[in-house]
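Undergrad: This is a predicted model, with the sequence first.
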Amino acid sequence: MTSITLDGETYDYIVDTLFSETSDVSEPEFINQDAVTLDTNVWNKGPLKVTYVVRVTSAQKWVLDQLLIAHTAINLTDAKYSINNNVWVSKVEAGWNSDNHNYPWTVTIDLVKVI
Amino acid sequence: MTHITIENSGGTLECEALSWREEQSCIPAIRDVPLRSDGAYVDTSTFVLKARMLDISLRLSDSEKTTLEAIFNADESVTITATSDFDGDYEWMYTGWFSKKPLIYEYKKQPDATREWRAELEFKIQSFNYEVPYKLFIGLETAPAIVIEVDVATFTESTSETLGVNENYAYALAISGDYLYVATGTSPARIIKIELATFTEVDSLILGTGENNVRALVVSENYLYAGCYTNPVKIAKINLSTFTEETVLTLGSTVILATSLAVSGNYLYVGTYNLPAKIARVNLVTFTEDVAPLSFVSDRILSLVVSGDYLYAGTSTALPANIIKVAISTFTVDDTLALGSGENTAWCLAVSGGYLYVGLSTSPAKIAKVDISTFTEVDVLTLAAGEEYVIGLVVVEGYLYAGLYSLSKITKIDLSTFTKISTLTLSGGNDLWSITTGLS
């Protein structure tokens, strides 16, 4: 079983983990351009985004909701992927399911790594 | 969600949900910075918090559809109340705006033939809340024992149960499923089973001869383990499905007077009082003491708690009290923390939000706060005169509840500020000995 810790609270039932990161490079454009030349000296990267899908209790859902509303950076620890960073909770999506008596909520939580 | 009520001045609609989905975002400013290996700069001082969106699917009859339309046409805020009978009858309450109501007539009726309308509702939520159904359960050192239920939401005593004849001294409590288990300080000890829904005793189990005076209970998988305050310690293993004692383990001859139990993985840890005190380890798969216990010349072990990869033990005898940190992987002492002057007798421990809280059996009572990451004491809270001897700590929804032995009091502490909110004195004026929490 894998687990994560968000703001000191541990979530054990991780259903899915998604890492997303972008890197863009300058692509000069002009009329009648007949060849592609990327300017690899000019680039920028987006922040690391981590999405967890987690089964939680009602009490845990409430805590996650409050983390989003609190609009402050919090600590994320994920031992499986060696993450110990401050993150911003950018989105919380919750659905109630009848297939798990103890953990009825499936919550998708989007986190942005803050440096 | 199993029961939903949607209402405003247009009417009240009570129904069941086919599906329930909600989302909310809080987007920070992300500033592009060229050539920054760490990625774009996330400016957490600039953000937009969007309204929570709530989508509910329903099936409605003709009359329910009419009510729903009246609610929509009232052109005012709606209140949505939803309960789940799954994980403790939580009641969620939302206030917001009814923004969309597509209604679809389906002549191919679903099994519920009276509800031919399917509705996909969308609400923009302004505020939401939920009621916490947690209760505190308190065991008293009386003959017969009394167990009290305290409602967390109102912080008032809600009900109590006086146990049967010879079911004396409620020295340990544990919750599993829909039942509260109470261990008695009798010879032999008894385990009393209380149904939480009705808060009445439904069964009682007398342990074997010599299995006396249970001071600690812990649940792991489908078993209840009871630690006896005996020489040497005995651990009774109770099958909760059948509510029968399956077996008993007698620990080594130097492991005397169990005060505390904790479980991590497949191991049960037992703390003892008699000097030199021990922390013994029991393999729950083989139900044997599979390694020599840790020994402490001058630290009586009063309390145990597991956090992450470590077992923490609260002690007495040494002044002030020590907190012993044991690495679970190697079963060796990793560190020892001496608390501040006057912080004696670490009777109980609780963990929340990266901190270890230590209940001190002092007069007046004190609670020490230890940062687990640095293993240093960062604060101590001294309660008022007359609030004496912390004997149990539980954490519920951001609050720490400290059970006080003298005159049965419970003190509520806000963990965000580590300050006392209020103290509740239980009826009867008897001595409190055990406290736990759970959903009723």
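TA: Looks like it came in fine. Numbers count the residues shown, from 1 in each chain, chains lettered A, B, ... in the order given.
Undergrad: Could you give the separation of the longest strand seen in chain A from the chain centroid?
TA: Using DSSP state E to define each element, chain A has its longest strand at strand A:83-96. Centre-to-centre, strand A:83-96 and its host chain are 6 Å apart (CA atoms, centre = their mean, to the nearest Å).
Undergrad: Of all the residues in that strand, which ones are buried?
TA: Within strand A:83-96, the residues scored as buried using 16 or more other CB atoms under 10 Å in any protein chain shown are A:83, A:85-94, A:96. Heads up, the C-betas are built off the backbone N, CA and C, glycines and all.
Undergrad: do the same with stretch B:218-227
TA: Buried residues in stretch B:218-227, counting neighbours by 16+ other CB under 10 Å, are found at B:218-220, B:223-227.
Undergrad: mind listing which of the residues you listed are in strands?
TA: Counting by DSSP E, the part of these found in strands is B:218-220, B:223-227.
Undergrad: Now do the contacts for the nearest residue to A:Gln60 once chain neighbours are set aside.
TA: Excluding its sequence neighbours, the residue lying closest to A:Gln60 (CB to CB, 6 or more residues apart in numbering or on different chains) is A:Tyr11, at 6.7 Å. For A:Tyr11, the contacting residues are A:3-5, A:52, A:54, A:56, A:60, by CB atoms under 8 Å, 6 or more residues apart in numbering or on different chains.
Undergrad: Then B:Ala189?
TA: Taking CB under 8 Å, 6+ apart as the criterion, B:Ala189 is in contact with B:183, B:207, B:211-214, B:226, B:228, B:236.
Undergrad: can you list the domains in chain B?
TA: If you go by automatic domain parsing, the domain ranges for chain B are B:3-131, B:134-439.
Undergrad: what's the least confident stretch among the ones you listed?
TA: The minimum mean pLDDT among the domains of chain B belongs to domain B:3-131 (a mean of 87).
Undergrad: from the buried residues of strand A:83-96, which are also near chain B?
TA: Among the buried residues of strand A:83-96, the ones lying near chain B by CB under 8 Å from any CB of the partner chain are A:88-94, A:96.
Undergrad: JSON lines for these, including distance to B:Phe123 and pLDDT?
TA: JSON lines is the format used below for these (distance: CB to CB, whole Å; pLDDT from 0 to 100):
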{"residue": "A:Trp88", "distance to B:Phe123": "26", "pLDDT": "96"}
{"residue": "A:Val89", "distance to B:Phe123": "22", "pLDDT": "96"}
{"residue": "A:Ser90", "distance to B:Phe123": "22", "pLDDT": "96"}
{"residue": "A:Lys91", "distance to B:Phe123": "18", "pLDDT": "96"}
{"residue": "A:Val92", "distance to B:Phe123": "16", "pLDDT": "97"}
{"residue": "A:Glu93", "distance to B:Phe123": "15", "pLDDT": "96"}
{"residue": "A:Ala94", "distance to B:Phe123": "14", "pLDDT": "96"}
{"residue": "A:Trp96", "distance to B:Phe123": "15", "pLDDT": "90"}
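Undergrad: Now tabulate these in a markdown table and tack on distance to B:Ser57.
TA: As requested, those are exported to a markdown table (distance: CB to CB, whole Å):
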| residue | distance to B:Ser57 |
| --- | --- |
| A:Trp88 | 31 |
| A:Val89 | 27 |
| A:Ser90 | 26 |
| A:Lys91 | 21 |
| A:Val92 | 20 |
| A:Glu93 | 16 |
| A:Ala94 | 15 |
| A:Trp96 | 11 |
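Undergrad: For these, work out which two are farthest apart.
TA: Within these, A:Trp88 and A:Trp96 form the most distant pair, 25.6 Å apart (CB to CB).
Undergrad: Indicate the residue of the stretch 251-400 of chain B located nearest to chain A.
TA: As assessed by CB to the nearest CB, chain A sits closest to B:Gly353 within the stretch 251-400 of chain B, at 3.6 Å.
Undergrad: residue contacts, that residue?
TA: Counted by CB under 8 Å, 6+ apart, B:Gly353 has contacts A:7-9, B:415.
Undergrad: Look up phi and psi at it.
TA: As for B:Gly353, its main-chain torsions (degrees, to the nearest 10) stand at phi 50, psi 40.
Undergrad: nearest residue to B:Tyr179 other than its sequence neighbours?
TA: With sequence-adjacent residues excluded and distances taken as CB to CB, 6+ apart, B:Tyr179 is closest to B:Lys193, at 5.4 Å.
Undergrad: How many residues are close by the one you found?
TA: Close neighbours of B:Lys193, defined as other CB atoms under 10 Å in any protein chain shown, add up to 18.
Undergrad: Please apply the same query to B:Gln126.
TA: 12.
Undergrad: The one 10 residues further on too?
TA: Counted with other CB under 10 Å, the neighbours of B:Leu136 add up to 24.
Undergrad: picking that back up, just among the contacts of B:Gly353, which is most surrounded?
TA: Counting neighbours by other CB under 10 Å, A:Asp7 leads these with 19 neighbours.
Undergrad: what's near enough to touch whichever residue of the stretch 101-250 of chain B sits closest to chain A?
TA: Using CB to the nearest CB, the single residue of the stretch 101-250 of chain B nearest to chain A is B:Tyr130, 5.8 Å away. By CB under 8 Å, 6+ apart, the residues touching B:Tyr130 are A:58, A:62, B:90-93.
Undergrad: Please check those residues and keep the buried ones.
TA: A:58, A:62, B:90-92.
Undergrad: May I see those arranged in JSON lines, with distance to A:Trp43 and secondary structure as well?
TA: Below are those laid out as JSON lines (distance: CB to CB, whole Å; DSSP: H, G, I helix; E, B strand; the rest coil):
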{"residue": "A:Ser58", "distance to A:Trp43": "45", "secondary structure": "helix"}
{"residue": "A:Trp62", "distance to A:Trp43": "41", "secondary structure": "helix"}
{"residue": "B:Tyr90", "distance to A:Trp43": "48", "secondary structure": "strand"}
{"residue": "B:Glu91", "distance to A:Trp43": "51", "secondary structure": "strand"}
{"residue": "B:Trp92", "distance to A:Trp43": "46", "secondary structure": "strand"}
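Undergrad: For B:Ser9, see how far away the most far-flung residue of chain A relative to its centre is.
TA: Distance from the C-alpha centroid of chain A peaks at A:Asn32, with 41.0 Å (CA atoms, centre = their mean). Distance of A:Asn32 to B:Ser9, given as CB to CB, to the nearest Å: 67 Å.
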